[in-house]
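[1] give me a 3D structure for the following:
(chains A and B)
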Amino acid sequence: MSSHIVILLFVLTSINSFAQKGDLKGYVIEGDEVVFTFNRDDYSKVTHDGTGRQSDFEDLDIQNVVVAGNFNDWSKDQWKMTKIDENTYQLRKKLSDFADEFSWEFKYVINNELWAEPSRTYLNQGSAAKIGRRLQSYNLRLFTAFPDKKGNVRFRLRGFEDAKKVIVSGTFNRWNEELFRMYKIENGWEIILQLRPNEYEYRFIVDGHWMEDPTNPDKVVNEFGEYNSHINVKKQVTFSLQGFADAKEVVLAGSFNDWNEHDFQMQKNDYGVWTYSLPLSGGKHHYKFIVDGNWIVDPDNTVQEYDGIGHINSVYMVK
Amino acid sequence: MKPTNFFLLLLIVISSVSHAANPLDPIVFPKAEIINNYTTRIPFKLIDHLIVVEAELLGQKGNFIIDTGSETLILNKVHFKTFDPYYKKSKETSGVVNLIDNPLERQLKEFVIKNLTLTNTTSDVIDLSHIEKTKKMKLLGIIGYNILKDYEVFIDMYLNQITLSKVDAKGNTLDKNVYLEKITDSIDFTLKNHTIVLETYVNDTKLNFGLDTAAEYNQINKNSSRKVLKFFHPMRRLNLSGASGGTIEVLAGKLYRVKLSETIFFAPMETVLTNLNKMNEAFGTSLDGIMGYEFFKQKRTIINYQKEKLYFVNYPLIKE
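    Next up is the predicted model:
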């Protein structure tokens, strides 16, 4: 079977044309907010709290809907959702409200007593235990990486059109084997993730079979003697220098270009500020400006370090 | 929720002196920047809330956890099992979690960080596979107090690096130009055994908190006075899994009004309410709580063991 993959690294402008077709149900992440959305059509049954008896959704008179999960100790009344229309309720929470927890589970509670049961199996659905009882619940997982139609890295696997399930798994989600399920596109599979600037290793899992990315030549040997594909996600960074409007030439030099004294000629804008933009890898970068031949540190950056031979450099951190 | 393996920070070992001599085993940090003979900067990554550095030891590549809560260097038995049985001897270790059974003990005659050399370092060899499993990383070991104490240690959560600068017996750095950023404040601590103990105020009540780089969550003792717990606002229950695989349920929340002095104070700190009695045994001193990741996240901190002092460097104001 032939297959092709394209990886786009650091797609720096946002991609608006890709709808997220993933099956992460119940919530989406928009910017720095988690948006919980309850849609009546996604549910067929409710479980009664206390008795565990199940009944149908159809004739239910919904007074209110609450998000309950690990994050609020499964409270049935704290995180009340806002009614958007007849069948839809929504709640927005800041990502920071979830601290750095690795994964959360949640369910929707109707009228403070009925646990909504999802109609079908979704990607992020797991089983949850509450006070010793098994409950089916959505499993909201918050990684530093998450699927996002406006994300910065697109993973594509060409071919495998008969496959049932294709997953991308990697260091960005600690090799989780279920979470980032790719969706079908013409001639293959795709998912777009939002990843922080860093280096990552990843593989695809096609119907349980692990494989490297066949079109990414950048790969490293893993502990099984096979290959992990490797990507370096960068961030676009703009350096600027004020107060030298009269200078004839300003050059940016740093550890990122081996301190080349000519490569990165900065441009002066209308306000007399010199700027230069470039994509940088995650981590620490040393740099200086060369103003008409004189090396200077960035006067607006307090972060400085000595190098191995006693010189002082400015430091830029990409995280 | 994924259980969080936070008890690994409690892997404290009663040390004893071994006389087994081994050949020189250099530990190499491939990503370190060697500034001069005395100072090196090692980038770290955060795995959950653990500070982890890449290193090579005895031909193996992997990770070490930086852990001021550990008394010694600990090597992971999983990767270092080929030790001469002659050196194997029975030894009692105390950990909060009863999993550390008779570790092999070995002495690294010389423990070399590139051109930085540490001599006569005692290490323990313990099975750390549970941490490898929960954190999904290859863990060679844990770097503890007996390595760190010979250096001034700058734990910098802004630049994600640890700077080690060799000190003399009085704690003065041999390198006179280590930092360029301004030290904005400092505070004294007391060293009880290997544990950094800070007089800490919650509102106006004085408490003794241990400072532990490998504490993924701050912890405060359940038995603290009501005056203190008034400032602990519980938010949720967490299941934390201990190193032995068992889980305990703790109450997680935020601790408000924490300060070390009139000038050094903290934003509300993520904290869990735990029973610290066992932990006190491990740390060899009586503590009201432990501060870890949250502390370093809020303060770029320099530790000087000889001077028993912490120094602080401000986070820069970022222009984007």
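[2] for the host helix or strand of residue A:191, name the packing helices and strands.
    Per DSSP states H and E, residue A:191 falls inside strand A:188-194. Packing partners of strand A:188-194 (3 or more C-beta pairs under 8 Å, 6 or more residues apart in numbering or on different chains; DSSP states H and E): strand A:146-147, strand A:153-158, strand A:166-170, strand A:183-185. From N, CA and C alone the C-beta is placed, and that goes for glycine too.
[3] need the ones you listed in a markdown table with mean pLDDT, can you?
    Shown next, in a markdown table, are these (pLDDT from 0 to 100):
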| stretch | mean pLDDT |
| --- | --- |
| strand A:146-147 | 82 |
| strand A:153-158 | 94 |
| strand A:166-170 | 94 |
| strand A:183-185 | 93 |
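[4] mind checking which of those strands is nearest chain B?
    Closest approach to chain B among the helices and strands packed on strand A:188-194 (C-beta to the nearest C-beta): strand A:166-170, 11.1 Å.
[5] for that closest one, list the C-alpha coordinates in CSV.
    Presented in CSV, the C-alpha positions along strand A:166-170 are these (Å, rounded to 0.1, in the frame of the first residue of the first chain):
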residue,chain,number,x,y,z
VAL,A,166,-5.8,6.0,12.7
ILE,A,167,-4.2,7.7,15.7
VAL,A,168,-1.2,10.0,16.1
SER,A,169,0.7,9.4,19.2
GLY,A,170,3.8,11.0,20.5
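[6] which residues does that strand contact?
    For strand A:166-170, the surrounding residues in contact (C-beta atoms under 8 Å, 6 or more residues apart in numbering or on different chains) are A:155, A:157, A:160, A:175-182, A:189, A:191, A:193, A:200-207, A:228.
[7] switch to 7 Å and redo it
    Strand A:166-170 is contacted by residues A:155, A:157, A:160, A:175-178, A:180-182, A:189, A:191, A:200-206 when judged by C-beta atoms under 7 Å, 6 or more residues apart in numbering or on different chains.
[8] residue boundaries of the helices in the stretch 101-250 of chain B?
    Using DSSP state H, counting those that start in this stretch, the helices of the stretch 101-250 of chain B run over B:129-135, B:145-148, B:226-229.
[9] mean confidence score for the longest one?
    Same thing as helix B:129-135. Average pLDDT, helix B:129-135: 79.
[10] one more: the second one?
    Computed over helix B:145-148, the mean pLDDT rounds to 88.
[11] tell me the pLDDT at the residue lying closest to residue B:154 once chain neighbours are set aside?
    In space, and not counting its chain neighbours, residue B:154 is closest to residue B:163: 3.9 Å by C-beta to C-beta, 6 or more residues apart in numbering or on different chains. Turning to residue B:163, the model gives it a pLDDT of 95.
[12] can you pull up the bridge partners for residue B:163?
    residue B:41, residue B:154 (DSSP bridges).
[13] mind listing what residue 298 touches?
    Assuming you mean chain A. Here residue A:298 is in contact with A:289, A:314 (C-beta under 7 Å, 6+ apart).
[14] oops, chain B please
    B:266, B:267.
[15] next, it: phi, psi?
    phi -90, psi -30 (degrees, to the nearest 10).
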